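Q: Any chance you can model this:
(chains A and B)
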Amino acid sequence: MERDDLIVNDSYSLNATHSEEAGVKIRKNIIFVTVLLTAITAVEVAMGIIFKRAETYTWEAIKWTFVVLTLVKAGYIVMSFMHLGEEKSVLKKSILLPYVMFIIYLFYILATEGFGHLFNHNSFH
Amino acid sequence: MSGHSNDNVSSKELWGGGRSPYGISYGKMYMWFFLVSDALTFGGLLSAYGFSRSASESPWPIGEQVFRALPGLDGQYPLIYVALMTFILIVSSVTMVLAVEAGHRNDKRGVIRWMLATIVGGMFFLGSQAWEWSHFIHGGGGSFLLAKEVTIADENGTLYTLPVGEPIFMDHHFGELAEGYANGDSNVVLENDHGHIKLVQYGEHTHEAELHSLTIDKYIIGEREVSGDDAAQLWDARSESFKFGANMHENEYAMQQSYANFFFFITGFHGFHVFSGVVINIIIFLMALQGVFEKRGHYEMVEKVGLYWHFIDLVWVFVFTFFYLI
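A: From the prediction side, this is the model:
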């Protein structure tokens, strides 16, 4: 099939093929990431069940552990399953930077300005 | 695997046209850009959830108290069902990455096999979510609000007073009949047999449920069961305000309707992504089956839908943490 969306030279992932031997190695890595993601989820659930929220000081630490573990999981999904780790760094940056920038801005603006309405009227329930 | 255009070229040549500076086709690039914008949507939703929660004045329900049922089983299994759903989604993400890997080897049979497994996994997740929604909507027995103050004893025998408007939770069996009673079903009658309060539903088969115990603070910290005379006192102090499960107007889980609404919207929006992902996967599966990609000489379409599918898994990881765990 003739395609008109291709640029003449071969600088594309379209042509990214690999051999059987490479495939074996890649699959090994996939299994490793699977086991890791499942283990992290199991640890999170166990922590959620074991630690009681009444102990506020511990719970604060647990909450942040959840956030860190989630980011680790997300990192493995994006870098390994979505292959972003193997893309060119300019692509990596153009995907990750806008997201990181906007989401940090969103958190910042919510945390600093978001509660202003509470001083005027108490209707947010 | 991908992006092997890392050959050293000058930046003038790289950006001078005629080649892809990112080393990927436009289809894949726009899938990535779409995912970034979609991720911002979910980021916004979860931020709004967190904001709403921290701005809330009455206690917010906690995940391991609300989501602790398993289909067909009695008893409490905090977060186990949600963990199972997470596992299903992770596994279907793995089968998808195996389909992409098979595509890189131009292994048509491998692509077909793993795509099929991914579709099955996606359907399992959708089914699980349907059950979870059904359980959330039907609720765990319902609640009523106190019409007047009630003084009861805690575990140590110390008396304390529950204020007007305090929600009191019924168990599953009593709540089932209480729903008919609260809705004015004339077949359901409240009977008091020597201090044993029970609801009886007359009909072809007569059902009855005795008030054994009531629960305070069921979905927040400090859940406690009250039985005997104290339970009877609480029942007698009930107001007309009963709530059973959740809908778009009220819910038994929290005083704030925003809790139920966020549940419906965040998991619903994610579930809709899963649904469309399954549909797209089926289309790509059929195309692979027909040999379209074999003729084309590459399986990049599998990679593109793979990106979307992994993204669904990625979003769920965050929903799992911020909605259910924290």
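
Q: longest single helix anywhere in chain A?
A: The residue-count maximum for a helix in chain A (DSSP state H) belongs to helix A:20-50.

Q: packing partners for it?
A: Counting contacts by 3 or more Cβ pairs under 8 Å, 6 or more residues apart in numbering or on different chains; DSSP states H and E, helix A:20-50 packs against helix A:56-76, helix B:63-66, helix B:80-104. Every residue, glycine included, has its C-beta placed from N, CA and C.

Q: Might you calculate how far that helix sits from the centre of the chain?
A: The chain centre lies 15 Å from the centre of helix A:20-50; the measure is Cα atoms, centre = their mean, to the nearest Å.

Q: likewise stretch A:104-116?
A: 22 Å.

Q: what mean pLDDT does the longest helix of chain A have?
A: Averaged over helix A:20-50, pLDDT sits at 90.

Q: got the buried residues for that helix?
A: Buried positions in helix A:20-50, judged by neighbour count with 16 or more other Cβ atoms under 10 Å in any protein chain shown: A:Gly23, A:Ile26, A:Ile30, A:Val33, A:Thr34, A:Leu37, A:Thr38, A:Ile40, A:Thr41, A:Glu44, A:Val45, A:Gly48.

Q: Contacts for stretch B:191-203, please.
A: B:174, B:177-178, B:180-181, B:185, B:187-190, B:206-211, B:232, B:235 (Cβ atoms under 8 Å, 6 or more residues apart in numbering or on different chains).

Q: Identify the residues contacting the nearest residue to B:Gly268 once chain neighbours are set aside.
A: Using Cβ to Cβ, 6 or more residues apart in numbering or on different chains and skipping the chain neighbours, the partner closest in space to B:Gly268 is B:Trp133 (8.0 Å). Neighbouring residues of B:Trp133 by Cβ under 8 Å, 6+ apart: B:Phe264, B:Thr267, B:Gly268.

Q: The longest helix of chain A to helix A:56-76, inter-axis angle?
A: Put simply, helix A:20-50 runs at 160 degrees to helix A:56-76, going by axes from the mean of the first three to the mean of the last three Cα atoms, to 10 degrees.

Q: okay, the angle between helix A:20-50 and helix B:80-104?
A: Using the same axes, to 10 degrees, helix A:20-50 lies at 170 degrees relative to helix B:80-104.

Q: okay, which residue is most central for the chain?
A: I'll assume chain A. For chain A, A:Ala74 is the residue whose C-alpha lies nearest the centre (Cα atoms, centre = their mean; 2.6 Å).

Q: please go with chain B instead
A: Note: chain B centre (Cα atoms, centre = their mean) maps to B:Thr267, 5.1 Å.

Q: Can you name every helix or strand that the helix or strand that contains that residue contacts?
A: Taking DSSP states H and E as the definition, B:Thr267 sits inside helix B:257-290. In terms of contacts (3+ Cβ pairs under 8 Å, 6+ apart), helix B:257-290 is packed against helix B:26-55, helix B:108-138, helix B:300-319.

Q: Tell me which of those helices sits most buried.
A: Comparing the helices and strands packed on helix B:257-290 by mean neighbour count (mean count of other Cβ atoms under 10 Å in any protein chain shown), helix B:300-319 ranks first with a mean of 24.

Q: domain ranges for chain A?
A: A:21-82, A:86-115 (automatic domain parsing).

Q: Quick one: these as JSON lines, columns for distance to B:Ile326 too.
A: Formatted as JSON lines, the domains of chain A follow (distance: least, Cβ to Cβ, whole Å):
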{"stretch": "domain A:21-82", "distance to B:Ile326": "5"}
{"stretch": "domain A:86-115", "distance to B:Ile326": "14"}
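
Q: okay, and for chain A, where does confidence drop off?
A: Chain A contains residues with pLDDT under 70 at A:1-16, A:55-56, A:116-125.

Q: Surely B:Glu64 and B:Leu79 touch.
A: Yes: counting by Cβ atoms under 8 Å, B:Glu64 touches B:Leu79, with 5.2 Å between them.

Q: Report the set of residues contacting both of the two.
A: Residues touching both B:Glu64 and B:Leu79 (Cβ under 8 Å, 6+ apart): A:Gly48, A:Ile49.

Q: Would you map the strands across the stretch 151-300 of chain B?
A: B:159-162, B:167-170, B:188-193, B:196-201, B:207-210, B:213-216, B:224-227, B:238-243 (DSSP state E, counting those that start in this stretch).
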